[in-house]
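Visitor: fold the following for me, if possible:
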Amino acid sequence: MRAVLLAAASVAAMAAGSAGAETLRQALDRTYETNPTIMAERERLRALDESVAIARAAGRPQVSATVGVNQDVFNTNSGEGRNFSAGVDVSYPLFNGGRVRNSIRAADARVEAGRASLRAVEGDTFTQAVGFYMDVIRDRSIEALNQNQVRVLQTNLEATRDRFEVGDLTRTDVAQSEARLALSQSNLSTAQGRLRSSEEAYQRVIGAPPGDLEPPPPLPPLPATADEAVNIALQNNPDLRAIADQVRAAGLDVSVLRADRLPTVSAVTSGDYLNRLGTSEELLSGPPVPGQSLPPNEVAGIGVGVTARVPIYQGGLVGARVRQAQNLRQQLVEQAIETERFVIARTRAAFATWRAAMEAIQSNEIAVAANQLALEGTRAEQSVGTRNVLDVLNAEQELLNSEVQLVTARRDAYVAGFALLNAMGQAEAEDLGLDGGALYNPVAHYNRTRNRASDWGEDSRRAPTSTRTAPAGAPSPVAQVVGPVDPRANRPVTRPRQ
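Guide: Predicted coordinates:
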């Protein structure tokens, strides 16, 4: 199926390139590169990547230092001494009941869930883009049909008035033509308003106003039955993958909290240094006696050891936390069933809508052809006096209605077919064969951050990747909040196309 879709998209792109109009593939390229919903989901995934480094930090050595300068202000046993002290403490966890290991595994599971969610967001956004692309094509066609209808009715009205002047028709015939023209002009205004709305929705999702749009490429062969589509969706839908990874992470959270019942063992090292700053004599209780040794002016020491903490009773805290985590996991299990129901219902609904629209296309094609013949026959019969003006007007309206329904059915069939692909997990960037460049690679950021151990490592402030649709020169409140950025920080992380 993927190969068929890539081939179809390639043929359509080459055909459209010669015409100079924008293709659906190009619109999806722009959506993939600049849509704020996709960009925000990528940033959320990057934040999830950092949770792995956070979990790994708990298994690394902890180093702290203290420095102090002290001056005695009043002391009844000795003089006013001064000292400088410094110390370093190092601890390294040797055993923590599996807390760190399970925390890392839970973080990795949530990263996998985040990647699946990114795939789902991409598919949903592409489905929106396809819908608005087809809306613009549909509404432009409907506007053109209504414009043609207005022109036809204007010609009819002029002919009716001319025949009224010579007494061939009545005032009633003129009034009927005038009323039908006014109604057609109203329908044209409504169609134009709907077109403007579709164009704005197109720009909101795709990021640029629509130019001349090429007809979309044919969809790949879709499943023959709804059950076949559901089986594919249950295997490939990213929403199901995401919730399954979340359940796995929640189960690991339970293991993390169970570790609070077990002892923890750490290796510790400490070093201390004390300098009395030449005030050793003031530490004596009286004047120095000949031969008496003075306290050393400098003292230093290093100690190593192993410490263990054995929890015996914590007031029921650990049990409550474990039960809470178990309930949260069970909540996700129930949500997984809900997600599965939703995916099945969405897949069946998209399949039913697609099949109904395909049948509607066939019926409306027959209706258009029949109404064209009926209009020609009605006009011919009117010329010999067996039909009146109202019959012709009704025939023209019937033809327009069937043409509008045909255009709408074609739009509905394509959008429902693409929605079915999305529900089956086959409407993602790799499936669509986007030609705007290499695809975003979520693994590269994960590999770069998972082992970072510096407390001072930060990312540079980056400019938004998504594009604005505001008029040129319009103020940007977002830019005021973002502030100065590092232009080098927006280099995309990509992966080669497979």
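Visitor: for the rest of this, base every contact and every neighbour count on C-alpha atoms.
Guide: OK.
Visitor: now the helices for this protein?
Guide: 2-19, 24-34, 36-57, 99-165, 171-206, 226-236, 238-258, 317-383, 389-423, 429-432, 442-449, 477-482 (DSSP state H).
Visitor: which residues does residue 434 contact?
Guide: With contact set as C-alpha atoms under 8 Å, 6 or more residues apart in numbering, residue 434 has these partners: 25, 26, 28, 29.
Visitor: re earlier: can you redo the helices of the chain as CSV with mean neighbour count and distance to residue 71?
Guide: Putting the helices of the chain into CSV (neighbours: other C-alpha atoms under 10 Å; distance: least, C-alpha to C-alpha, whole Å) gives the following:
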stretch, mean neighbour count, distance to residue 71
helix 2-19, 16, 78
helix 24-34, 22, 63
helix 36-57, 19, 38
helix 99-165, 21, 43
helix 171-206, 19, 68
helix 226-236, 17, 71
helix 238-258, 23, 46
helix 317-383, 17, 44
helix 389-423, 22, 73
helix 429-432, 18, 68
helix 442-449, 15, 46
helix 477-482, 10, 48
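Visitor: any weak-confidence spans in the stretch 301-450 of the chain?
Guide: In the predicted model, the stretch 301-450 of the chain carries pLDDT under 70 at residues 435-437.
Visitor: cutoff 80 now
Guide: Across the stretch 301-450 of the chain, the ranges flagged by pLDDT under 80 are 433-438.
Visitor: ditto for the stretch 101-250 of the chain
Guide: Along the stretch 101-250 of the chain, the model assigns pLDDT under 80 to no residue.
Visitor: let's see it at 90
Guide: Applying pLDDT under 90 to the stretch 101-250 of the chain picks out residues 159-160, 163, 165-170, 173, 220.
Visitor: you'd agree residue 452 is up against residue 53?
Guide: Yes. Between residue 452 and residue 53 there is a contact at 6.6 Å, judged by C-alpha atoms under 8 Å.
Visitor: quick revisit: of all the helices of the chain, which lies closest to residue 304?
Guide: Among those, helix 36-57 comes nearest to residue 304, with 22.2 Å by C-alpha to C-alpha.
Visitor: CA-only coordinates of the closest one in CSV, if you can.
Guide: The C-alpha trace of helix 36-57 is given here as CSV (Å, rounded to 0.1, in the frame of the first residue of the first chain):
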residue,chain,number,x,y,z
PRO,A,36,2.7,24.7,14.8
THR,A,37,0.8,21.7,16.1
ILE,A,38,3.4,19.4,14.7
MET,A,39,6.2,21.6,15.9
ALA,A,40,4.8,21.8,19.5
GLU,A,41,4.5,18.0,19.6
ARG,A,42,8.1,17.7,18.6
GLU,A,43,9.1,20.0,21.5
ARG,A,44,7.0,17.9,23.9
LEU,A,45,8.9,14.8,22.8
ARG,A,46,12.2,16.6,23.3
ALA,A,47,11.1,17.4,26.8
LEU,A,48,10.3,13.7,27.3
ASP,A,49,13.8,12.8,26.1
GLU,A,50,15.2,14.7,29.0
SER,A,51,13.3,12.6,31.5
VAL,A,52,15.7,9.7,30.7
ALA,A,53,18.7,11.9,31.7
ILE,A,54,16.8,12.9,34.8
ALA,A,55,16.3,9.2,35.7
ARG,A,56,19.9,8.3,35.0
ALA,A,57,21.1,11.2,37.2
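Visitor: who are the packing partners of it?
Guide: Other helices and strands packing on helix 36-57, by 3 or more C-alpha pairs under 8 Å, 6 or more residues apart in numbering; DSSP states H and E, are helix 99-165, helix 442-449.
Visitor: dump the ones you listed into TSV; add distance to residue 333 as well.
Guide: Output for those, formatted as TSV (distance: least, C-alpha to C-alpha, whole Å):
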stretch	distance to residue 333
helix 99-165	14
helix 442-449	26
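Visitor: and those helices: which comes nearest residue 228?
Guide: Comparing the helices and strands packed on helix 36-57 by C-alpha to C-alpha, helix 99-165 comes nearest, at 20.0 Å.
Visitor: how far is the closest one from where the chain is centred?
Guide: Averaged C-alpha coordinates place helix 99-165 at 17 Å from its chain's average position (C-alpha atoms, centre = their mean, to the nearest Å).
Visitor: elements contacting it?
Guide: Helix 99-165 is packed against helix 24-34, helix 36-57, helix 171-206, helix 238-258, helix 389-423, with contacts defined by 3+ C-alpha pairs under 8 Å, 6+ apart.
Visitor: what residues of the longest strand seen in the chain count as buried?
Guide: Using DSSP state E to define each element, the chain has its longest strand at strand 82-95. Neighbour counts over strand 82-95 (16 or more other C-alpha atoms under 10 Å) mark 82, 83, 85, 87, 89, 90, 91, 92, 93, 95 as buried.
Visitor: list the contacts for the closest residue to the fourth one other than its chain neighbours?
Guide: Using C-alpha to C-alpha, 6 or more residues apart in numbering and skipping the chain neighbours, the partner closest in space to residue 87 is residue 272 (4.3 Å). Contacts for residue 272 were tallied using C-alpha under 8 Å, 6+ apart; they are 85, 86, 87, 88, 299, 300, 301, 302.
Visitor: now do residue 272 against residue 72, distance only.
Guide: 20 Å (C-alpha to C-alpha, to the nearest Å).
Visitor: same check, this time on residue 47
Guide: Distance, residue 47 to residue 72, using C-alpha to C-alpha: 50 Å.
Visitor: how about residue 266?
Guide: Residue 266 is 36 Å from residue 72, where distance means C-alpha to C-alpha.
Visitor: who has more neighbours, these two?
Guide: Neighbours per residue, other C-alpha atoms under 10 Å: of residue 266 and residue 72, the larger number sits with residue 266, 18 against 11.
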